[in-house]
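J.: Following is a predicted model, sequence given first.
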Number of protein chains: 2
Amino acid sequence: METKGELRFIGTVEKAGEQEAKIRIFPEFCTGLRGIENFSHVITLYWIHLRDNEKDRRVLLVFPRKHSVNVEVGVFACRSPTRPNPIGLCVTELVKAEEDALTVRGLDALEGSPIIDIKPYLPRADSVPDAQAPKWTEHGPPT
Amino acid sequence: METKGELRFIGTVEKAGEQEAKIRIFPEFCTGLRGIENFSHVITLYWIHLRDNEKDRRVLLVFPRKHSVNVEVGVFACRSPTRPNPIGLCVTELVKAEEDALTVRGLDALEGSPIIDIKPYLPRADSVPDAQAPKWTEHGPPT
């Protein structure tokens, strides 16, 4: 069985900012955006390139500091950017769709982060308003 | 700038099934699950290994057939398994958490699909009940 997969970067965070960020899609992938303007929200998957190193990718336990919590939790039980595969996931509001760029609100990515996928947000599949999460997740930023 | 990233598989879909699926986490990553039992839902990211080939990864326009729609849309505007990076994303209910395995409900992955990440579902970040999506997404399976 294979143990690794190859990710291809499809774009980049051209301008960061939680309030408004600009995602530039590389020319060879722009056709894949057709119809995206019909969605109000998209799930943005990006590569947390600054954590793409052996040391960070071996970390399995963290203190989610942004939430000022003093509990050590597994990386799969929090949204830490340090994890075996440094994939960032943000549900973002789609402010503007251009032929080769998206302007989104709520993207917690740094400038220069590679984009690995864009998926439309489907409330009937993705929205679980009454999902239960521990108390510590209520403090600090959403993720 | 880098154009590719390396994904490491952290587990596998041992038993498929939308009603109940079993995810086996590889021994070297199990510590990362600590605390996950405190969440009712998790976001499961998996590798759609059967679409990991040159032909499928070049496709940018598809007819989302599961939704019986006759409109061609970009792969980033639908949840097609055929896309430049064959990453599957499912919001799943966490039925049972064991030391090296998760039983989940709602996982649309085939047996043997590699798992690439598990993220806790945080309603205040991930739930947007009133997100807008085009009419065709309301027919057929959720994704």
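T.: Happy to help now that I have it. These numbers come from a predicted model, not from an experiment.
J.: What is the helix or strand in which residue A:5 is found packed up against?
T.: For residue A:5, the enclosing helix or strand under DSSP states H and E is strand A:4-8. Here strand A:4-8 touches strand B:4-8, going by 3 or more Cβ pairs under 8 Å, 6 or more residues apart in numbering or on different chains; DSSP states H and E. Placement of C-beta: from N, CA and C, glycine included.
J.: for the strand it packs on, the distance to its chain's centre please.
T.: When C-alpha coordinates are averaged (Cα atoms, centre = their mean, to the nearest Å), strand B:4-8 and its chain have centres 17 Å apart.
J.: Please spell out which residues along the helix or strand that it is followed by are buried.
T.: The helix or strand immediately downstream of strand B:4-8 is strand B:11-15, counting by DSSP H and E. Within strand B:11-15, the residues scored as buried using 16 or more other Cβ atoms under 10 Å in any protein chain shown are B:11, B:12, B:13.
J.: what's in contact with strand B:11-15?
T.: A:1, B:21-26, B:29, B:46, B:101, B:107, B:109-115 (Cβ atoms under 8 Å, 6 or more residues apart in numbering or on different chains).
J.: Among these, which are located in strands?
T.: B:21, B:22, B:23, B:24, B:25, B:46, B:101, B:114, B:115 (DSSP state E).
J.: between these, which is nearest chain A?
T.: residue B:114 (6.9 Å; Cβ to the nearest Cβ).
J.: Contacts only, for the residue nearest the centre of chain A.
T.: For chain A, the residue nearest the mean C-alpha position is residue A:89 (2.3 Å; Cα atoms, centre = their mean). With contact set as Cβ under 8 Å, 6+ apart, residue A:89 has these partners: A:43, A:44, A:45, A:79, B:43, B:45, B:89, B:119.
J.: hang on, the earlier thing: please pick the buried ones from the contacts of strand B:11-15.
T.: B:21-26, B:29, B:46, B:101, B:107, B:109, B:113-115.
J.: Take those residues and write them to a markdown table, including distance to chain A and pLDDT.
T.: Output for the buried ones among the contacts of strand B:11-15, formatted as a markdown table (distance: Cβ to the nearest Cβ, whole Å; pLDDT from 0 to 100):
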| residue | distance to chain A | pLDDT |
| --- | --- | --- |
| B:21 | 15 | 98 |
| B:22 | 16 | 98 |
| B:23 | 11 | 98 |
| B:24 | 12 | 98 |
| B:25 | 8 | 98 |
| B:26 | 9 | 98 |
| B:29 | 6 | 98 |
| B:46 | 10 | 98 |
| B:101 | 12 | 98 |
| B:107 | 12 | 97 |
| B:109 | 14 | 95 |
| B:113 | 11 | 97 |
| B:114 | 7 | 98 |
| B:115 | 10 | 98 |
